[in-house]
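Asks: Give me coordinates for this.
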Amino acid sequence: MKFKGFRTLLVGSVLMLPACSFTDDSLWPSLTGEDPAGGNAQTAAAPKAATAQSQSTQTQPAAASSQPALGTGNFVPSGVTSGAATGTFVGKKVVELREELRRLQGNISGQNGGLQKLRAQLVGNSQRYHGTIAAVNARLQVGTTPGNPILVQQFKSAQSDLDRLAQDVASMNTLQNSISNSATMSSFLSESAKASFAISGAIDEDHQQLAILEDEVNRTDVLIDRLFKEVTNDVRRQTNYVSTERANLNLMSAGIKAGEIYGGSLLNVAMAGSGAGVQVTAGAPLSTSGRRPLVVVRFDRNDVPYQQALYNAVSRVLEKRPEAVFDLVAVAPSSGGQARVALNSNKARRHAEGVLRSLIEMGLPPARVAVSAKTATSARNNEVHLYLR
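Replies: This next block holds a predicted model:
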């Protein structure tokens, strides 16, 4: 129970730290395969249970973000007023323009029908996707075996659902281009109607019909403009949504491999914190002298379970400092002779590559991490240190 209290106090202190203090204090303890209690199996069971309980209360499922709202407009043309033939050249021109307007409004009706159908498909595919994601997260939340085949199959199903969503968005983008062509045609009809007033040889009836036609073209033009804007907004929101879910699925894949739940993609965490995309290049690694690491992973045995704590530490940093970049350092013991040092240095680099792969799977862009290596007299085992730049 002492360990549980210590862990709770530590996490509480992390949450209260201001953004500027991350480099001044070590946020997380070292991650190691050593028994934290240092005693027999009975005393070791309590810290293990405390850790599991702490993670179950602190870690929430990596729930897929809800689908952005779709537009609700229904764009139905008002129709075209018929007119009697006058027999004049202008009268014949009015008949031609009227038929062009009818064809244009027919296209608009088809485009509106396509939009309503695509919206219904998007909603249906999104509901299936979120249902599958919720089932996977629920299983990961309580813990499961690494690479659980049931979760792998559900993951593939979620991928298929998201692919269908992406296809719906692509179809909506094609529809947007078609509406743009209708807008061009509407502008042509408007200019033609205005120019027809200047043609000689018209009678009053011709100009009366032209005025009615011009008003109907203008109303159609306004309808097209509203339709285009609503489809454009739908495409933009749904494209961002699908992109975000792709990143979350990549992280879920890593969670299924490990048999445990993480959270949302680290890139999405950073974007949520900044309100926009963050483009940062890590550059060359800085000196770590006098700096405290954010995370220390000690590889004193095989399969050290560092991923969850690594994710928690980095995501909390990104929530407060979305633009943050990191230094990842492979640390090898400097004792044991030249051959031993070389061997340990190679192993430490491989461990650092594994930690970097984990960060990338969690959604952190590679450009946010600078990797380097060093030896240290204080290290007893190969270690990987993660520093906040």
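Asks: How about the contacts made by residue 187?
Replies: Taking C-beta atoms under 8 Å, 6 or more residues apart in numbering, we find residue 187 in contact with residue 221. Every C-beta, even on glycine, is put in place using the N, C-alpha and C of the backbone.
Asks: correct me, but residue 258 touches residue 146?
Replies: Yes - using C-beta atoms under 8 Å, residue 258 is in contact with residue 146, at 5.8 Å.
Asks: who's more crowded, those two?
Replies: More crowded of residue 258 and residue 146, by other C-beta atoms under 10 Å: residue 258, with 18 against 12.
Asks: and the more buried one, what is it in contact with?
Replies: Counted by C-beta under 8 Å, 6+ apart, residue 258 has contacts 146, 305, 307-308.
Asks: Just the ones of those in helices?
Replies: Applying DSSP state H to those, the entries found in helices are 307-308.
Asks: and the contacts of residue 258, which are buried?
Replies: Buried subset of the contacts of residue 258 (neighbour count, 16 or more other C-beta atoms under 10 Å): 307-308.
Asks: May I see the contacts of residue 258 organised as CSV, with distance to residue 231 and pLDDT added?
Replies: Output for the contacts of residue 258, formatted as CSV (distance: C-beta to C-beta, whole Å; pLDDT from 0 to 100):
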residue, distance to residue 231, pLDDT
146, 44, 88
305, 47, 87
307, 41, 87
308, 42, 85
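Asks: quick one: which of the contacts of residue 258 is nearest residue 179?
Replies: Comparing these against residue 179 with C-beta to C-beta places residue 307 closest, at 46.5 Å.
Asks: hang on, the closest one packs against residue 359?
Replies: No - the pair residue 307 and residue 359 fails to qualify as a contact (C-beta under 8 Å) at a distance of 9.5 Å.
Asks: hmm, back to that, reformat the contacts of residue 258 as JSON lines; add distance to residue 75.
Replies: Shown next, in JSON lines, are the contacts of residue 258 (distance: C-beta to C-beta, whole Å):
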{"residue": "146", "distance to residue 75": "51"}
{"residue": "305", "distance to residue 75": "55"}
{"residue": "307", "distance to residue 75": "49"}
{"residue": "308", "distance to residue 75": "49"}
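Asks: and the two most separated of the contacts of residue 258?
Replies: Every pair in these was compared (C-beta to C-beta); the two farthest apart turn out to be 146 and 308, at 12.9 Å.
Asks: any idea where the strands of the stretch 251-389 of the chain begin and end?
Replies: 295-298, 326-333, 369-376, 383-388 (DSSP state E, counting those that start in this stretch).
Asks: OK, contacts around residue 382?
Replies: Per C-beta under 8 Å, 6+ apart, neighbours of residue 382: 298-299, 330-333, 344, 347-348, 351.
Asks: can you pick the most crowded of those residues?
Replies: Of all those, residue 331 has the most neighbours under the rule other C-beta under 10 Å, reaching 27 neighbours.
Asks: For that one, list each beta-bridge partner.
Replies: Per DSSP bridges, residues listed as beta-bridge partners of residue 331: residue 374, residue 383.
Asks: Report the contact partners of it.
Replies: 348, 373-376, 379, 382-385.
Asks: Among these, which one lies nearest to residue 86?
Replies: Of the contacts of residue 331, the one sitting nearest to residue 86 (C-beta to C-beta) turns out to be residue 384, at 86.7 Å.
Asks: for residue 83, what are its contacts?
Replies: 94-95, 98, 209, 212.
Asks: which SS class is it?
Replies: At residue 83 the chain is in coil, as set by DSSP: H, G, I helix; E, B strand; the rest coil.
Asks: For it, give me phi and psi.
Replies: Residue 83 adopts backbone torsions of phi -150, psi 150, taken as degrees, to the nearest 10.
Asks: from here on, count from 53
Replies: Let's use 53 as the start, then, which means that last one is residue 135.
Asks: quick one: the host helix or strand of residue 177 to chain centroid distance?
Replies: Taking DSSP states H and E as the definition, residue 177 sits inside helix 141-194. Remark: helix 141-194 is offset 24 Å from the chain centroid, using C-alpha atoms, centre = their mean, to the nearest Å.
Asks: That one - contacts with which helices or strands?
Replies: Other helices and strands packing on helix 141-194, by 3 or more C-beta pairs under 8 Å, 6 or more residues apart in numbering; DSSP states H and E, are helix 201-248, helix 256-310.
Asks: circling back: mind checking which of the contacts of residue 383 are buried?
Replies: 400, 425-427, 431, 434-437.
Asks: what residue is smack in the middle of this structure?
Replies: Taking C-alpha atoms, centre = their mean, the centroid of the chain lies closest to residue 296, which sits 1.5 Å from it.
Asks: pretty sure that residue is touching residue 303, no?
Replies: No - using C-beta under 8 Å, residue 296 is not in contact with residue 303, being 11.1 Å away.
Asks: Residue 173: which of the strands of the stretch 303-441 of the chain is closest?
Replies: Here strand 421-428 is closest among the strands of the stretch 303-441 of the chain (C-beta to C-beta), at 39.1 Å.
Asks: where does the stretch 103-252 of the chain have low pLDDT?
Replies: 103-118 (pLDDT under 70).
Asks: Recalculate using a threshold of 80.
Replies: 103-119 (pLDDT under 80).
Asks: about what we covered before: list just the nearest of the contacts of residue 135 to residue 366.
Replies: residue 150 (64.5 Å).
Asks: burial count for the closest one?
Replies: 20.
Asks: now stretch 376-387, how far from the centre of its chain.
Replies: With C-alpha atoms, centre = their mean as the basis, stretch 376-387 stands 29 Å off its chain's centre.
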